[in-house]
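[1] give me the fold of what follows.
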Amino acid sequence: MYILKNAYLNIIRSKGRNLLIGLIITIVVISAFISITISKSGENLVESYKQNNPLKVTLNLDMMNFRNADENAKNDFELLSIEDINNIGKLSSVNGYYYTLESSLNSDDIEKIDYEDMFSNKNDSSQPPETE
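    Down below sits the predicted model:
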């Protein structure tokens, strides 16, 4: 009982100091609640954005740099292997993936194919077979 009586008297004697301490504690607690609320709403906003706006990523080799590089520099290019692509696809943040292989060719020795030649039947029955 003696401890409670002295605690009560100590609070009564220094009212200004205790009010100031109470005000500071109240401000700190309210600030903590506000910061926790802002943090949680920010996390919810980020998750909502990720779910509603999926990100599409494309990885390409810069062909101009690859063509202009000398043979030693071409060996330094980091090319993705199928294993690397599959490992990236297994990440928890990846919903789905696909990969394609594209190739191009440029040469002066290529002969064109006519559209008619491409779809015509070589053994057309309307013409007699050639005999020699």
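[2] the domain parsing of the chain - what is it?
    Here the domain parsing of the chain from automatic domain parsing is 1-53, 56-103.
[3] just send those domains back as JSON lines, with distance to residue 109, mean neighbour count and mean pLDDT too.
    Heads up, the C-betas are built off the backbone N, CA and C, glycines and all. Below are those laid out as JSON lines (distance: least, C-beta to C-beta, whole Å; neighbours: other C-beta atoms under 10 Å; pLDDT from 0 to 100):
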{"stretch": "domain 1-53", "distance to residue 109": "49", "mean neighbour count": "10", "mean pLDDT": "90"}
{"stretch": "domain 56-103", "distance to residue 109": "17", "mean neighbour count": "9", "mean pLDDT": "81"}
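[4] helices of this structure, start to end?
    2-13, 15-52, 63-68, 71-76, 82-89, 115-119 (DSSP state H).
[5] how about the ones you listed, which one is nearest residue 102?
    Across the helices of the chain, the minimum distance to residue 102, taken as C-beta to C-beta, is reached by helix 63-68, at 10.1 Å.
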